[in-house]
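Colleague: I'll drop the sequence and a predicted model, then ask my questions.
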Amino acid sequence: MTSSYSPESARLEAILLVGGQGTRLRPLTLSTPKPLLPTAGVPFLAHQLARARSFGVRRIVFATSYRASMFAEAFGDGSAYGLSLEYMTEETPLGTGGAIRNAAQALTCPSDAPVLVLNGDILSGHDIGEQVGLHVSRGAAVTLHLTEVDDPSRFGCVPTGEDGRVTAFLEKTPNPVTNRVNAGCYVFTRSVIDEIPAGQVVSVERETFPGLIEAGEPVFGYADRSYWLDVGTPAAFVQGSCDLVLGRLASPALPGPCGEFLAMPGAEVSPNAKIEGGTVVGPRAMVRSDAAVHGSVLDADCVVESGAIVVDSVVGAGARVDAGAVVRNAVIGEGAVVGPGNELLAGARLWPGVRLPAGAVRFSSDV
């Protein structure tokens, strides 16, 4: 597809939806919003900001709610990313549509301009410039990024006609008619956002998109098969971080070369430890001799002792996995301790500050 539209020349503006509480990622999100969790060595949103900047976006409005002040503390005015950042906070949650409408008060673009809307829990390798170009060339009200998944019943199912026009928006239907789903990145014409009722709870998935389609407004899908991942669960969060480190998805924000692991400043890794699978070893974290870590996220100041095994897991800031302990597909909360001989399996979550004494005990649930 070709288009004369240039995001760079048009100074494309964007809205970034970051208001959710990230309940599926607890205990990691008890004190930190999901979009700020360390991912491949930097806050998750750093990857989104860097990609948006690479496609010509220069101004982004954050739609915040949960722990809103932490976003400004993390990113400031955006100058470090070559961006201008604004922050709009919902005093009460307004849903996706309400959040977009609330944030739009800080936009500076005219009513006929395209506005990019990003979700703060999606990793995507799709071509934002092509999506915006399609939107402009078709004179669309909204253009949705669509991706193909194995189980579309978990997402908003979006059938389209041969011309790419969206014919329906079926939110999490048990009998999907297509495996193309809503990938969570939209291009709105500014005037369409302004028509969303202000100050009200509105869902774009259940109200705005179906309403536009029913009214005959031009809603199009931009479908592709590039890398895409919703990082809303612990397993997906770990996978996303590892994929970035391994180079399966390129990110201008990655703070080091791609490889089997990424060690952050101050990290101490024994030459006798085995670390692989895209693992991140956070600032001042330590991995002792004969420890084995695969495909995991080790946060700042945590310790993996000699002979411990950590696989496909998150070890929170200041936490410790003692000698001989095994952690697989688990989340170890901030400051928690897995004592010697314990084995955490199959989605186990150890809450912040909890200390498991030595004991060769298997856990597969919350502790």
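Modeller: Thanks, I have it.

Colleague: Which helix or strand in the protein has the lowest average pLDDT?
Modeller: In the chain, no helix or strand scores lower on mean pLDDT, DSSP states H and E than helix 7-10, which sits at a mean of 46.

Colleague: counting contacts, what elements does the longest helix that the chain contains pack onto?
Modeller: Secondary structure of the chain per DSSP state H: the longest helix is helix 234-246. With contacts defined as 3 or more CB pairs under 8 Å, 6 or more residues apart in numbering; DSSP states H and E, helix 234-246 has these neighbours: strand 38-39, strand 122-124, strand 228-230, strand 279-281, strand 297-298, strand 314-315. (C-beta placed from N, C-alpha, C; glycine too.)

Colleague: C-terminal to it, what's the next element?
Modeller: strand 261-263 (DSSP states H and E).

Colleague: which residues in the stretch 101-250 of the chain form strands?
Modeller: Ranges of strands in the stretch 101-250 of the chain, per DSSP state E, counting those that start in this stretch, are 114-119, 122-124, 142-148, 156-157, 170-171, 180-189, 219-223, 228-230.

Colleague: Same list, those, but as CSV with mean neighbour count and mean pLDDT please.
Modeller: Output for these, formatted as CSV (neighbours: other CB atoms under 10 Å; pLDDT from 0 to 100):
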stretch, mean neighbour count, mean pLDDT
strand 114-119, 24, 95
strand 122-124, 23, 92
strand 142-148, 25, 93
strand 156-157, 22, 74
strand 170-171, 17, 75
strand 180-189, 24, 92
strand 219-223, 24, 94
strand 228-230, 20, 91
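
Colleague: Same list as before, these that is, but in JSON lines and with distance to residue 38 included.
Modeller: Output for the strands of the stretch 101-250 of the chain, formatted as JSON lines (distance: least, CB to CB, whole Å):
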{"stretch": "strand 114-119", "distance to residue 38": "19"}
{"stretch": "strand 122-124", "distance to residue 38": "14"}
{"stretch": "strand 142-148", "distance to residue 38": "25"}
{"stretch": "strand 156-157", "distance to residue 38": "29"}
{"stretch": "strand 170-171", "distance to residue 38": "31"}
{"stretch": "strand 180-189", "distance to residue 38": "21"}
{"stretch": "strand 219-223", "distance to residue 38": "30"}
{"stretch": "strand 228-230", "distance to residue 38": "17"}
